[in-house]
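Asks: I would like the atomic coordinates for the input below:
(one chain, ligands or ions: 1)
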Amino acid sequence: LGAFGKIAGEGIDFALKLRREIAQHPATRGIYRELANRNLFTDLYQHDRMLADRVRVGAYHRAIERYVKPGDVVLDLGTGSGLLALLAAKAGAGVVYAIDHGPLIDAARAVAEDNGLRNIRFERVNSRRFACAEKLDVILQEQIGDALFEEQMVDSVADVRDRLLKPGGLILPARFELFLDPVQLREARPFAWQQEIDGLRFGALRRLEPEQPRTYHFKPLPPGDYQHFLTRSEPVLAFDLARATARELPERVFYKRPVTTAGRLDGFCLHFRARFDDEIAIETSPFAEHTCWRDPLLRVETRVCAEGDRISLRLEVPDWADPTTWKWDQ
Ligand SMILES: C[S@@+](CC[C@H](N)C(=O)[O-])C[C@H]1O[C@@H](n2cnc3c(N)ncnc32)[C@H](O)[C@@H]1O
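Replies: From the prediction side, this is the model:
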């Protein structure tokens, strides 16, 4: 049993290393991400959360009623439960292509049938391999991850936009702003090596830091965990999917800002605004109406900042779609 346990342990170690390699190697990361995404959204709980999010559903609903015109050819890129396709069909679209690379597509088709909506063509296919005879008037997309990019939104939307969208066609939503604001949490969560408890110091734990997965430094948190921003909230990046490509996104972000509300710097809170137009938008700031997105905290060593101090952020981004490749310091 002892020998078997050792072999099994080594096998698991090897499998984990292999998975990391496959996830990161340029030749295999595309297929790895597709499979991981497909797997994630096979979990019906994800759709429970998304359908129950009144802010999200309300914004898409209003935008579809405003922009989908009778007779339009519409693509719902990643239809999931079928929600956006159904709303577009109800709004009078001529035909809606509802595609998804996951197995939920058959259930989504049944939802459309139950609701008597017949002008939706469901197809289980990845958007990269999707083709249709007509050009599209509207692309509906909700490929929006907690960290905005990790569901491959920019690449997937740019691909169908360049191949299939009519000149002047619409992408909903298309305009995005990304924020990385210095923040204090409600309860301090310093790194273990920063702790001092009744005179006991834990500094030696720092030697484990290099072995930690990058996710150790990057934690999606519920909005209630955030207390306040230490500086004015300003976007560090803005782009429009009507034109953007992943290659054109900047490889680094840098800023220096004065502290406007004193407090403890626990890290940088990533949140975003997704705009359908000047009026309809979804905001994921922890201080806006709550949504189903979790705002990731980019952790740094905690420190106390006084009003007027300066906080800087330097973020290197080899790949926006993979937050485990990001590196930041102050
Ligand atoms: C965040 S969910 C949104 C589901 C639905 N549109 C909604 O708003 O409730 C994203 C969906 O897109 C699908 N998906 C992601 N990337 C895709 C791609 N490149 N091609 C087809 N489906 C994709 C996933 O399987 C998932 O069902």
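
Asks: got a pLDDT number for whichever residue of the stretch 1-150 of the chain sits closest to the ligand?
Replies: Of all residues in the stretch 1-150 of the chain, residue 78 sits closest to the ligand, at 2.1 Å by Cβ to the nearest ligand atom. To be clear about C-beta, it is placed using only N, CA and C from the backbone, and glycine gets the same treatment. For residue 78, the model assigns a pLDDT of 98.

Asks: Dihedrals phi and psi, it?
Replies: When read as degrees, to the nearest 10, the backbone of residue 78 gives phi 90, psi 70.

Asks: cool, and residue 269?
Replies: Dihedral angles (degrees, to the nearest 10) for residue 269: phi -90, psi 120.

Asks: burial of the closest residue to it other than its chain neighbours, as a residue count?
Replies: Spatial nearest neighbour of residue 269, excluding adjacent residues (Cβ to Cβ, 6 or more residues apart in numbering): residue 183 at 4.1 Å. For residue 183, the count of nearby residues is 28 (other Cβ atoms under 10 Å).

Asks: just to revisit the earlier point, just give the number of residues close to the residue of the stretch 1-150 of the chain closest to the ligand.
Replies: Using other Cβ under 10 Å, residue 78 is surrounded by 24 other residues.

Asks: Touching, residue 74 and residue 68? I think so.
Replies: Yes: when contacts are counted by Cβ atoms under 8 Å, residue 74 is listed as touching residue 68 (6.1 Å).

Asks: Give me the three-state assignment for the residue nearest to residue 269.
Replies: Following DSSP: H, G, I helix; E, B strand; the rest coil, the label given to residue 183 is strand.

Asks: what ranges do the helices span in this protein?
Replies: 2-24, 29-40, 44-52, 54-67, 83-90, 105-114, 153-164 (DSSP state H).

Asks: quick one: the fourth one to helix 44-52, angle?
Replies: Helix 54-67 runs at 60 degrees relative to helix 44-52, counting by axes from the mean of the first three to the mean of the last three Cα atoms, to 10 degrees.

Asks: The fifth one too?
Replies: Here the directions of helix 83-90 and helix 44-52 differ by 40 degrees (the same axes, to 10 degrees).

Asks: Quick check: which helices or strands does helix 83-90 pack against?
Replies: Helices and strands touching helix 83-90, by 3 or more Cβ pairs under 8 Å, 6 or more residues apart in numbering; DSSP states H and E, are helix 54-67, strand 73-77, strand 95-100, helix 105-114, strand 120-124, strand 136-141.
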